[in-house]
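>>> can't give you the sequence, but here's the structure:
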């Protein structure tokens, strides 16, 4: 991170600099680069309403940090502009989600979590982009983020013209769908912002209708407490019983709303080898995954987003999926083997799963 405004070389032409930054971003593997100002007042009001309704569940970090989330200059002093980047992550070799959902004995993992954790890769690329700018204009103030710290990524990306926030609350682009990661550089450079894109969801409500748990309670409104991504990743306690049968074989995240979105017919496959799926996670066998001990879990998820959910919650999620799987002696035996687990959380979900197969 650089500090202060030096601009060793002659003061850059802002418009010309933004175009050069876009080019440097593409060279570093970003599929798009946009520029936003720091006025998030409209989004701040919507965030406050969402939090006041308690729709964030146990994600207390969404309400923490005061106004740093909606006022970038409070998070990084002197921030005047935000450079927003997009990077495609959908691996071409991954098995289609639709096929996996139809195989009740397979584990469905969100497409973003099939390969290596994206945080480090994108942060490194953002740092390189900032260093390239610095080489051009001299030292300037900046800080890089990707799904880290209190940053409103989707609103900033929407302001930067990288897409619009769809009815499922995910960023969409007509030429790229939604299978991409976002990253940001907060900077003290005054860069001309891009024009936001008009919303193109129209009357479509496929994402709302397909949601297994009806977590999208209205267009552009998500009740995280019902969302399978929240239940399998963020929630650290017991999954509400009434939602467990609706989860099917989804064990880490859920992509259903993206899967049915018509704009994803234009999604681009990633060119990043790090996002290629690991065979255990692309179409893993539920019983085999449930058989992992903690050491195996840590080994197989090293450098992968799944590790953050922890071994205990990983077993919890798998127990629910096994409870929803077709009944077989193999499934029942796997669940029986965990009946006396040291974790009360795991035991509770195992007992529920066994009851689903008629085993007291």
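Right, received. Where do you want to start? On a predicted model such as this, the values are computed, not experimentally measured, just so you know.
>>> Would you report the backbone torsion angles of the residue lying closest to residue 237 once chain neighbours are set aside?
In this structure, residue 237 finds its nearest non-sequential neighbour in residue 345, 7.0 Å apart by C-beta to C-beta, 6 or more residues apart in numbering. C-betas here are computed from N, CA, C, even on glycine. The phi/psi pair for residue 345 (degrees, to the nearest 10) reads phi -60, psi -50.
>>> Is it correct that residue 345 is in contact with residue 310?
No. Between residue 345 and residue 310 there is no contact under C-beta atoms under 8 Å: 10.3 Å.
>>> Who has more neighbours out of the two?
Per other C-beta atoms under 10 Å, whichever of residue 345 and residue 310 has more neighbours is residue 345, with 17 against 14.
>>> next SSE after the helix or strand where residue 320 lies?
Element membership for residue 320, per DSSP states H and E: helix 311-324. As assigned by DSSP H and E, the chain's next helix or strand after helix 311-324 is helix 329-337.
>>> Could you tell me the angle between that following helix and helix 311-324?
Following axes from the mean of the first three to the mean of the last three C-alpha atoms, to 10 degrees, one obtains 140 degrees for the angle between helix 329-337 and helix 311-324.
>>> what bits of this structure have low per-residue confidence?
Applying pLDDT under 70 to the chain picks out residues 1-12.
>>> State which helix of it is the longest.
Counting by DSSP state H, the longest helix found in the chain is helix 118-137.
>>> What are the buried residues along the host helix or strand of residue 101?
When elements are assigned from DSSP H and E, residue 101 belongs to helix 97-102. By 16 or more other C-beta atoms under 10 Å, the buried positions in helix 97-102 come out as 97, 100, 101.
>>> and what of stretch 43-52?
Neighbour-count burial for stretch 43-52, counted by 16+ other C-beta under 10 Å, picks out 43, 44, 47, 50.
>>> Need the residues that contact it.
Residues outside stretch 43-52 that contact it (C-beta atoms under 8 Å, 6 or more residues apart in numbering) are 56, 62, 63, 67, 69, 70, 71, 152, 155, 221.
>>> ok, now stretch 218-235?
Stretch 218-235 is contacted by residues 50, 54-59, 110, 165-169, 201, 205, 208, 212-217, 239-240, 243, 246-247, 250-254, 308-309, 313, 317 when judged by C-beta under 8 Å, 6+ apart.
>>> Would you mind checking those for buried ones?
Using 16+ other C-beta under 10 Å, the buried members of the contacts of stretch 218-235 are 50, 55-57, 110, 165-169, 201, 208, 212-213, 215-216, 239, 243, 246-247, 250-254, 309, 313, 317.
>>> Now, the residues you listed that are in strands?
165, 216, 250, 251, 252 (DSSP state E).
>>> Give the full set of residues in contact with the second one.
Yep, that's residue 216 we're talking about. 167, 168, 169, 207, 208, 222, 223, 257.
>>> switch the cut-off to 10 Å
Listed by C-beta atoms under 10 Å, 6 or more residues apart in numbering, the contact set of residue 216 reads 166-169, 205, 207-210, 222-223, 226-227, 257.
>>> Next, count neighbours for residue 279.
Using other C-beta under 10 Å, residue 279 has 8 neighbouring residues.
>>> Okay, it and residue 214: tell me how far apart.
Taking C-beta to C-beta, to the nearest Å as the measure, residue 279 falls 33 Å from residue 214.
>>> and this structure, what are its domains?
Here the domain assignment for the chain is 14-93+116-187, 206-356, based on automatic domain parsing.
>>> so which of these gets nearest residue 105?
Of all those, domain 206-356 sits nearest to residue 105, with 5.3 Å by C-beta to C-beta.
>>> Could you tell me how far that closest one lies from the centre of the chain?
Averaging C-alpha positions (C-alpha atoms, centre = their mean, to the nearest Å) puts domain 206-356 15 Å from its chain's average.
>>> Which secondary structure state does residue 82 sit in?
With DSSP: H, G, I helix; E, B strand; the rest coil as the basis, residue 82 sits in strand.
>>> Just give the closest residue to it, not the sequence neighbours.
The spatially closest residue to residue 82, leaving aside those adjacent along the chain, is residue 36, at 4.6 Å (C-beta to C-beta, 6+ apart).
>>> name the element residue 87 belongs to?
With DSSP H and E as the criterion, residue 87 is inside strand 81-88.
>>> Give me the distance between residue 78 and residue 151.
Distance from residue 78 to residue 151, by C-beta to C-beta: 16 Å.
>>> of those two, who's got more company?
Higher neighbour count among residue 78 and residue 151: residue 151, with 23 against 16, using other C-beta under 10 Å.
>>> Verify the stated contact: the more buried one with residue 74.
No. Using C-beta atoms under 10 Å, residue 151 makes no contact with residue 74, being 11.6 Å away.
>>> tell me, what's touching these two both at once?
In terms of C-beta under 10 Å, 6+ apart, residue 151 and residue 74 are both contacted by the residues residue 68.
>>> Would you map the helices across the stretch 101-250 of the chain?
Secondary structure of the stretch 101-250 of the chain (DSSP state H, counting those that start in this stretch): helices at 118-137, 153-159, 206-210, 228-229.
>>> would you turn these into JSON lines with distance to residue 324?
JSON lines is the format used below for these (distance: least, C-beta to C-beta, whole Å):
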{"stretch": "helix 118-137", "distance to residue 324": "29"}
{"stretch": "helix 153-159", "distance to residue 324": "31"}
{"stretch": "helix 206-210", "distance to residue 324": "17"}
{"stretch": "helix 228-229", "distance to residue 324": "12"}
